[in-house]
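Q: the amino acid sequence is not available; the structure is as follows:
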């Protein structure tokens, strides 16, 4: 329970590290880093639950979304798809990480592929909803909401892997889903 709350808090904190970009409605935040980390560290159930709690807090009016926004309206705004993608990505990353962990693959080796799948889920959900919300073609939504973020989000994925690997070394129960979640 404490670990779920910690990752909920980390995702909310990542939303406050914002760099608005003038050419897109999608701000640059550190939320993706903590979403990936939640799946890698907590496993599928608890990783997704940490993101569900994050969404619930924001929907209830606590200003945890990017730029201190809150309310259910944020989910129908152009960036709402990314937020929903956080839940799915944390779950899938946790599942894939657990699957490959049982095969004794090193975290960094398996983690980049696992993280790229999670990144694809977040960007896929985000671009799809961005196209719906702005009433634009999906290709334009990809240009606005995904292409500018590929390199920075790849770096965030690597950061999540480095932290997860460090946790696995110094606190094995924290650095791996430990058969739960």
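A: Noted; the coordinates are in hand. For clarity, every value in this text was computed on a predicted model and none was experimentally measured.
Q: go ahead and flag the most central residue of this structure.
A: Nearest to the geometric centre of the chain sits residue 35, at 3.0 Å (CA atoms, centre = their mean).
Q: just the pLDDT for the residue lying closest to it once chain neighbours are set aside.
A: Ranked by CB to CB, 6 or more residues apart in numbering and with sequence neighbours excluded, the top spatial neighbour of residue 35 is residue 86, at 4.5 Å. Quick note: C-beta positions are derived from backbone N, CA and C, even for glycine. In this model, residue 86 is scored at 97, pLDDT.
Q: against which helices or strands is whichever strand or helix holds residue 94 packed?
A: Per DSSP states H and E: residue 94 is located in helix 80-101. Helices and strands touching helix 80-101, by 3 or more CB pairs under 8 Å, 6 or more residues apart in numbering; DSSP states H and E, are helix 31-42, helix 44-59, helix 73-76, helix 107-134.
Q: let's have these in a markdown table, adding mean pLDDT and distance to residue 171.
A: Output for the helices and strands packed on helix 80-101, formatted as a markdown table (pLDDT from 0 to 100; distance: least, CB to CB, whole Å):
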| stretch | mean pLDDT | distance to residue 171 |
| --- | --- | --- |
| helix 31-42 | 93 | 10 |
| helix 44-59 | 97 | 16 |
| helix 73-76 | 92 | 34 |
| helix 107-134 | 88 | 14 |
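Q: now those helices in TSV, with distance to residue 94?
A: Shown next, in TSV, are the helices and strands packed on helix 80-101 (distance: least, CB to CB, whole Å):
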stretch	distance to residue 94
helix 31-42	4
helix 44-59	3
helix 73-76	22
helix 107-134	9
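Q: can you tell me which of those helices comes nearest to residue 10?
A: Nearest to residue 10 among the helices and strands packed on helix 80-101 is helix 31-42; the distance by CB to CB comes to 4.1 Å.
Q: doesn't residue 90 make contact with the residue nearest to the centre of the chain?
A: Yes: assessed by CB atoms under 8 Å, residue 35 is found in contact with residue 90 at 5.4 Å.
Q: need the overlap of contacts for these two.
A: Common contact partners of residue 35 and residue 90 (CB atoms under 8 Å, 6 or more residues apart in numbering): 51, 118.
Q: about what we covered before: out of the helices and strands packed on helix 80-101, deepest packed?
A: Across the helices and strands packed on helix 80-101, averaging neighbours per residue (mean count of other CB atoms under 10 Å) puts helix 31-42 on top, at a mean of 30.
Q: okay then, goodbye and thanks.
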